[in-house]
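Enquirer: Okay, sequence plus prediction incoming.
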Amino acid sequence: MFNFATQKNYAINNCLTLKKKIMNYSTLKKGLALSFAALVGATSLASAQDASTSSSSAKVFGGRGQYRTWTIGVNGGVLTPFSNDFQNADINLGYGLSLRKQLGHAFALEANGFRGKVSGTNKDAAGGFTTDPVLGNIYGFETELAWAFDLRGVVNVATVDFLRRENSVNFFVTTGYGVAGYAAHLNPDNGGVSSKGTYGEDGTSDYAKQGYIPVGAGVKFKVSDRVSFNLGYTVHFIDTDNFNGLPGDNKNYTKDKFAYGYAGLEFSLGSKSKPDLNWVNPLALMYDELKDPSLRQEVEALKTRVSAVEKSIEDLKKDSDGDGVADQFDKCPGTPAGTAVDGSGCPLPKVEAAVAVDNVSGFENIQFEFNSSVLKTESYPILDKLSSTLRENGGKATLTGYASSEGTTAYNLKLSKDRANSVKTYLVNSGVSASSLSVKAMGEANPIASNDTEEGRIQNRRVESARN
């Protein structure tokens, strides 16, 4: 028998599945080039120009594999100390290299190496020096920074043109951990003492090795699809007080630090056909996806398919004669209103009403709730009348139980027997001889109404009584 509700749900689920496929279509456009009017000096800013656009295969949720993610950089700038031991900070040249792996649109890991010289003096102090009770006159220091290597996290915190297809200006912050090798020379212009060759456990190493934490910020400008120009400033917090040549037990003990202000160029590595992840704007990418003409055509075509499925669902629900069977499956269209029909929409054969105990008195059927063999209180008057007739007139009667079509055949057969036994128990308790009553179970056989409607199934959950 056709189950209309099941077929309807199946069609609706197909419709919803088609709708979800909309998000699987994507064709993207990308902006690739940005030029600057000039780069003047180490601290001058570049003026940004509008980016022109070209096509790209990058997708919003396509993963890192569709982008260039490796970048190598060179930089140069000035190294200056921060020291409570010296009143004047010198400015010295520093230079370095970097290698960065972009892990996402906003985060990268970067390895840095740099070297240079850090120095300071007391030239503004009285006599051009300060005096230490142990070291005597202190004129200045000069520290050779032989090498420094660190690993940093780089976070793109803002961009001034995030509405473009590709960014052209990014602001970033960095922090991490590194190790530096250095040698300090105290009072270098006054014949002082160099610490080179006195480091290490045996006192023979040329350079001390000490950890440091770099904390920095900067701004990055896109020069071309492969090149960017950076300006940055990083403070390095060293885990020692002897970076400037003064011993660790000096009365003004504070851990040393120095700064590196730099300008540099970065070069994106990898296939030319892929965009640089560092400059890709996912918000603009998504906008391009939604505005892509071919995607819009696919969406409209998909809408048409969904509409066709929705129309099919409406056709499945159409029932012109109102008999509960859809027109597509109705083998007897135009059935008069109120006619009981089977699963194919054809009228059921008429069934005589419940047989009375004496075939004349017309006792009503005993009705039951769904999946229940418990007698309903409204059946008691019928049962009492039946009991009185049997006790007064004698004879034997058969109690026949039935069920509606829900459930298995075996289960319904047992349920119909339980219902007939419930009627027998009531009659015996009311004084009818048990030997005069027999029980018969028919299950879902011989329905008196259609099992395709709830009204019909209610009538079929019954016990009929008849005299033998």
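Expert: Yep, that arrived. Residues are numbered from 1 along each chain as shown.

Enquirer: residue ranges for the strands of the stretch 301-450 of the chain, please.
Expert: For the stretch 301-450 of the chain, the strands defined by DSSP state E, counting those that start in this stretch occupy 366-367, 397-401, 437-441.

Enquirer: Contacts for the shortest one, please.
Expert: When contacts are defined by C-beta atoms under 8 Å, 6 or more residues apart in numbering, strand 366-367 is touched by residues 375-376, 379, 382-383, 419, 423, 458-459, 461-463, 465. C-beta here means a position set from N, CA and C on the backbone, and glycine is covered the same way.

Enquirer: Same list, the strands of the stretch 301-450 of the chain, but as TSV with mean pLDDT and distance to D150 please.
Expert: TSV is the format used below for these (pLDDT from 0 to 100; distance: least, C-beta to C-beta, whole Å):
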stretch	mean pLDDT	distance to D150
strand 366-367	93	86
strand 397-401	92	88
strand 437-441	92	87
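
Enquirer: export the ones you listed to a markdown table and tack on distance to F141 and mean neighbour count?
Expert: Listed next are the strands of the stretch 301-450 of the chain as a markdown table, based on distance: least, C-beta to C-beta, whole Å; neighbours: other C-beta atoms under 10 Å:
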| stretch | distance to F141 | mean neighbour count |
| --- | --- | --- |
| strand 366-367 | 106 | 22 |
| strand 397-401 | 108 | 22 |
| strand 437-441 | 108 | 18 |
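
Enquirer: mind putting the ones you listed in a markdown table, distance to A308 included?
Expert: Below are the strands of the stretch 301-450 of the chain laid out as a markdown table (distance: least, C-beta to C-beta, whole Å):
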| stretch | distance to A308 |
| --- | --- |
| strand 366-367 | 46 |
| strand 397-401 | 49 |
| strand 437-441 | 49 |
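
Enquirer: how about those strands, which one is nearest T80?
Expert: strand 366-367 (98.5 Å; C-beta to C-beta).

Enquirer: Work out for me the element A466 sits within.
Expert: Secondary structure assigned from DSSP states H and E places A466 in strand 462-467.

Enquirer: quick one: strands adjacent to that strand?
Expert: strand 366-367 (antiparallel), strand 397-401 (antiparallel) (DSSP bridges).

Enquirer: Rebuild those as CSV, extending it with distance to G140.
Expert: Putting the strands paired with strand 462-467 into CSV (distance: least, C-beta to C-beta, whole Å) gives the following:
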stretch, distance to G140
strand 366-367, 110
strand 397-401, 112
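
Enquirer: just for the chain, where's the confidence low?
Expert: 1-62, 160-166, 248-253, 284-292, 295, 349-362 (pLDDT under 70).

Enquirer: Provide the strand pairings for the longest strand seen in it, with the direction of each partner.
Expert: In the chain, with assignment by DSSP state E, the single longest strand is strand 140-159. Partners of strand 140-159 in the sheet, by DSSP bridges, are strand 107-121 (antiparallel), strand 169-186 (antiparallel).

Enquirer: among those strands, which is nearest T131?
Expert: Between the strands paired with strand 140-159, strand 169-186 lies closest to T131; by C-beta to C-beta that is 13.6 Å.

Enquirer: mind listing what's buried in the closest one?
Expert: Residues of strand 169-186 classed as buried: 169-170, 172-174, 176, 178, 180-186 (neighbour count, 16 or more other C-beta atoms under 10 Å).

Enquirer: what's the spacing between it and its chain's center?
Expert: Remark: strand 169-186 is offset 37 Å from the chain centroid, using C-alpha atoms, centre = their mean, to the nearest Å.

Enquirer: Which residues does whatever helix or strand comes next after that strand contact?
Expert: Sequence order places strand 193-194 as the next helix or strand after strand 169-186, per DSSP H and E. With C-beta under 8 Å, 6+ apart as the test, strand 193-194 has contacts from A183, A184, H185, L186, N187, P188.

Enquirer: What pairs with strand 193-194, parallel or antiparallel?
Expert: Going by DSSP bridges, the partners of strand 193-194 are strand 169-186 (antiparallel).

Enquirer: Need the CA coordinates for the partner strand. CSV is fine.
Expert: Provided in CSV are the C-alpha atoms of strand 169-186 (Å, rounded to 0.1, in the frame of the first residue of the first chain):
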residue,chain,number,x,y,z
VAL,A,169,48.9,48.1,3.6
ASN,A,170,49.2,45.8,6.7
PHE,A,171,50.0,46.6,10.3
PHE,A,172,51.6,43.9,12.3
VAL,A,173,52.9,43.0,15.8
THR,A,174,55.6,40.4,16.7
THR,A,175,57.0,38.6,19.7
GLY,A,176,59.0,35.4,20.3
TYR,A,177,62.3,34.1,21.8
GLY,A,178,65.9,34.2,20.6
VAL,A,179,69.5,33.8,21.5
ALA,A,180,72.3,36.4,20.9
GLY,A,181,76.1,36.1,20.9
TYR,A,182,78.0,39.2,21.9
ALA,A,183,81.2,40.7,23.3
ALA,A,184,81.4,44.0,25.3
HIS,A,185,84.2,46.5,25.4
LEU,A,186,84.1,48.9,28.4
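
Enquirer: Could you give me the buried positions within the top helix by length along the chain?
Expert: As assigned by DSSP state H, the longest helix anywhere in the chain is helix 293-317. By neighbour count on 16+ other C-beta under 10 Å, the buried set for helix 293-317 is L295, E298, V306, V309, I313, L316.

Enquirer: quick one, what contacts the closest residue to V173 other than its chain neighbours?
Expert: What sits nearest to V173 in space, not counting adjacent residues and going by C-beta to C-beta, 6 or more residues apart in numbering, is A217, at 4.9 Å. A217 is in contact with F171, F172, V173, T174, G232, Y233, counting by C-beta under 8 Å, 6+ apart.

Enquirer: And those, which is closest to E110?
Expert: T174 (7.1 Å).

Enquirer: That closest one pairs with what?
Expert: V154, G216.

Enquirer: Distance of it relative to A337?
Expert: 81 Å (C-beta to C-beta, to the nearest Å).

Enquirer: same check, this time on Y260
Expert: Y260 is 92 Å from A337, by C-beta to C-beta.
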